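Novice: here is the input, now give the coordinates:
(2 chains, ligands or ions: 1)
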Amino acid sequence: MAMTPDAAVRKRFEDRADVQLRKRHLPLIIGRATDTREARRRDIFAELDLPGLRNAAEAVRAHTVANLHTYLDRFAERAEARGTKVFFAATAEEAVSYVRTLAAKRGARLIAKAKSMASEEIHLSPALEADGIEVVETDLGEYIVQLAKEPPSHIIAPAVHKSRTEIARLLAAHHGRSLPDDPEVLTAFAREVLRRTFLEADIGISGVNFGVAETGSLALVTNEGNGRMVTSLPPVHVAIMGMERIVPSFEELSLLLPMLVASATGRPVSTYFSFINGPRLPDEVDGPEEVHVVVLDNGRSKILGTEYQSILHCIRCGACQNVCPVYRQVGGHGYGAVYGGPIGAVLTPLLVGFEKAGDLPHASSLCGACTEVCPVKIPLHEQLLALRRDVAREQKPVVEGLAFRAWSTAWRRPWGYRLLARLARAGQGMFVRGGRIRKAPPPLSRWTNRRDLPPVARRTFRERWKDR
Amino acid sequence: MPPRRASLFVTCLVDLLYPEVGEASVALLEDLGVEVDFPEAQTCCGQPAFNSGFEEDARRVASGLLDAMESAEAVVSPSGSCTAMVRSHYVHLFHGTKDERRAEALAAKTFELTEFVVDVLGVDHLPGRWEGRVTYHDSCHGLRELGLTGQGRGLLAGIEGLELVEMARPEMCCGFGGTFSVRLPEVATAMADDKIAQSEETGADVIVSGDSGCLMHLAGRLSRTRSRLRPMHVATLLARARGLAPASR
Ligand code: SF4
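Specialist: Just a heads-up that it's a prediction; the model follows:
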């Protein structure tokens, strides 16, 4: 991809956001798509006991994550008993090198990929491409952003930031023919060109929605059916699974899968559920010869046992992105990380560290819309608050620290507060025009560059109260 | 028996920038037979520091509020956000300190103004007269932390001549977010413009909210862009409609 992830994250959110804000049409495109999803989500849950379902889903996730290693061991044992190879990758590098080695051993030249945020997280495709392998994304949205040479901008809808016209133009340019901006025609066209990939690919790479500990199976949801092809047609299937994506058994899965699909798309069932139990058995007619599961830690186990543990409950539904008013304005790319929106603003600093992403927890107005919709009840905006505290403790920003200390020293006592008010009133005179401040010196210029500021009242409420 | 006495927590923004909102709140409460006092030791709930991650500074300022409201029977504030700070975050902020109990006590007796009128006093209809089309912005903290949805709207519904028109997404954040509005001013402004566009689409003359922070942000953008939409605090509108406050500043 265009930027290496770490460099991208390290750049300030504010700079990236300002670049995104210059794309005037962006909030409209994102808004239309996310509002539709959110409206459907509300509709579908309107007839169900949403609070009850959320409680149940939260309980399952909390129990599983609290006992993660037990369930992971069970998962690995059962999966291996069925012939699946399970590899525990502590870091992104380990995960990538496992897949590269495998690809080299198989002499792979073409890889078909289904949607996988974990593979984006470890930047698997660029590494494989550097080895001279052609990697083709087979999810339509992923295919579009791949053609655009961009990272996905939404967990569920990777190309949510692209208009239909842009998509038509991209596909047309790449395939040297003209195409209408009709989504159905475009989808059909993309399917046609991707068919070759499924049939000729040496390896299929997918993500995992849930790994079932009881049976060692993998559960995969797609709405285009490409997941099924990627995991069954090529001779080798590699699944990249974040280590927290485990459920104890099919019983919990029967709760979480519909919750995921309904929260993500607002539809009762996704078009395709796939369950993968391992490589093809001697008496089976199809399925890959080899199945590999790469279980990815990459910073996750550091979160276990901290006050942020519940962020590992996330089932990657994207609902928090759909309702986030900041995400709406700046899109996923504003966050400079694989995971954008509220989930990303919490998870990214925890995974990559405060030095690189310590400003992401501030990329929120703390409106709480995310917390309200999260199907597994992660208190996202409270975690953002806690992260702000932890980032301030670790980074000790000098100017801000002094400013807040001066502020709290004055405002902890009413006389200090009154004194500051009087000083402000005396000092503001030269800036007030027609009852408002249109231009103020820094740092208040950060307000007045775009908005008028009300002056301190000639008589404050407490002064008026005294004269009652 | 609902409390007949209440202490006003006016909030720093209202005290310093919008004193008429404080006066309107007092007028409304007194008109309903509540005896209002104003503990003068109060300053601010501490939210700016708290939301920036500076808990110690937030605690220093917040403990001043604990002192000021120590003997209050009930505390009423014309701000969903500052009320939510006290009610939802003080217990956590003072957890494990000597003030923990006092924080719990204050949290339990603090109410947002419309909430106090409707849910505590049991008044859900305020007769009055005010001509105009009004759209209502749900301030995030009032809505999601206090669960206020119908109180403000319900009181406005009783006003003769007032037409309430809902914008497409009344629950969507306006982009104020306290220090967020200066930390990420461009994003905050884009969010305000979104909110303003939705409000203008309704044909409303006035955008009403229960939080002066949202209103300051929206007002600043409205006057900068020369919109004809006027921002107004719900307390101000109600007081004017009931003839309890001067018609304009
Ligand atoms: S944090 Fe919650 S709402 Fe956001 S993607 Fe994860 S599960 Fe969905």
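
Novice: parallel or antiparallel, list what pairs with the strand of greatest length in chain B.
Specialist: Under DSSP state E, the strand in chain B containing the largest number of residues is strand B:128-137. If you go by DSSP bridges, strand B:128-137 pairs up with strand B:159-164 (parallel), strand B:206-209 (parallel).

Novice: may I see the buried residues of it?
Specialist: Within strand B:128-137, the residues scored as buried using 16 or more other CB atoms under 10 Å in any protein chain shown are B:128, B:130, B:134-137. To be clear about C-beta, it is placed using only N, CA and C from the backbone, and glycine gets the same treatment.

Novice: go on, stretch A:248-261?
Specialist: For stretch A:248-261, the neighbour count (16+ other CB under 10 Å) marks A:248, A:252-253, A:256-261 as buried.

Novice: let's see which of these end up in helices.
Specialist: Using DSSP state H, A:252-253, A:256-261 are the members of the buried residues of stretch A:248-261 that sit in helices.

Novice: of all the strands paired with strand B:128-137, which lies closest to the ligand?
Specialist: Among the strands paired with strand B:128-137, the nearest to the ligand by CB to the nearest ligand atom is strand B:206-209 (26.6 Å).

Novice: only alpha carbons, please: show that closest one as PDB.
Specialist: C-alpha atoms of strand B:206-209 as PDB (Å, rounded to 0.1, in the frame of the first residue of the first chain):
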ATOM      1  CA  VAL B 206     -34.400  28.500  16.100                       C
ATOM      2  CA  ILE B 207     -32.300  25.500  17.100                       C
ATOM      3  CA  VAL B 208     -32.800  24.700  20.700                       C
ATOM      4  CA  SER B 209     -30.600  22.600  23.000                       C
END
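
Novice: OK, contacts around the spatially most central residue of chain B?
Specialist: Central residue check for chain B by CA atoms, centre = their mean: the C-alpha nearest the mean position is that of B:Ser79, 2.1 Å away. By CB atoms under 8 Å, 6 or more residues apart in numbering or on different chains, B:Ser79 lies in contact with B:11, B:13-14, B:112, B:210-213.

Novice: returning to that earlier point: so which of the buried residues of stretch A:248-261 comes closest to B:Leu28?
Specialist: Each of the buried residues of stretch A:248-261 was scored against B:Leu28 by CB to CB, and A:Met259 proved nearest at 44.2 Å.

Novice: got the contact list for the closest one?
Specialist: So A:Met259 contacts A:53, A:57, A:315, A:317, A:375-376 (CB under 8 Å, 6+ apart).

Novice: pLDDT score assigned to it?
Specialist: Looking at A:Met259, its pLDDT is 95.

Novice: and it, how close does it get to B:Asp31?
Specialist: 49 Å (CB to CB, to the nearest Å).

Novice: ok, whichever residue of chain B sits closest to the ligand - how many residues close by?
Specialist: Nearest residue of chain B to the ligand (CB to the nearest ligand atom) works out as B:Arg144 at 14.6 Å. As a burial measure, B:Arg144 scores 23 neighbours (other CB atoms under 10 Å in any protein chain shown).

Novice: sorry, back to before: and the strands paired with strand B:128-137, which is most packed in?
Specialist: Highest mean neighbour count among the strands paired with strand B:128-137 (mean count of other CB atoms under 10 Å in any protein chain shown): strand B:206-209, with a mean of 24.

Novice: quick one: secondary structure of residue 238?
Specialist: Since you didn't name a chain, this refers to chain A. strand (DSSP: H, G, I helix; E, B strand; the rest coil).

Novice: what's across from it in the sheet?
Specialist: Beta bridges link A:Val238 to A:Ile205, A:His292 when assigned by DSSP bridges.

Novice: contact partners for it?
Specialist: Each residue near A:Val238 by CB under 8 Å, 6+ apart is listed here: A:99, A:102, A:203-206, A:291-294.

Novice: try A:Ala159
Specialist: Listed by CB under 8 Å, 6+ apart, the contact set of A:Ala159 reads A:140-142, A:144-145, A:148, A:152-153, A:167.

Novice: quick one: what helix or strand has A:Ala457 in it?
Specialist: Using DSSP states H and E, A:Ala457 is not contained in any helix or strand.

Novice: quick one: it from the ligand, how far?
Specialist: Noted for A:Ala457: a distance of 42 Å to the ligand, by CB to the nearest ligand atom, to the nearest Å.

Novice: SS state for the residue positioned nearest the centre of chain A?
Specialist: Nearest to the mean C-alpha position of chain A, counting by CA atoms, centre = their mean, stands A:Tyr339 at 2.8 Å. Secondary structure, three-state DSSP: A:Tyr339 is coil.

Novice: where does it fall, phi/psi-wise?
Specialist: Note on A:Tyr339: its backbone torsions stand at phi -100, psi 120 [degrees, to the nearest 10].

Novice: my guess is it contacts A:Met117. True?
Specialist: Yes: contact criterion CB atoms under 8 Å: A:Tyr339 and A:Met117 qualify, at 7.0 Å.

Novice: shared neighbours, these two?
Specialist: Both A:Tyr339 and A:Met117 are in contact with A:Ile155, where contact means CB under 8 Å, 6+ apart.
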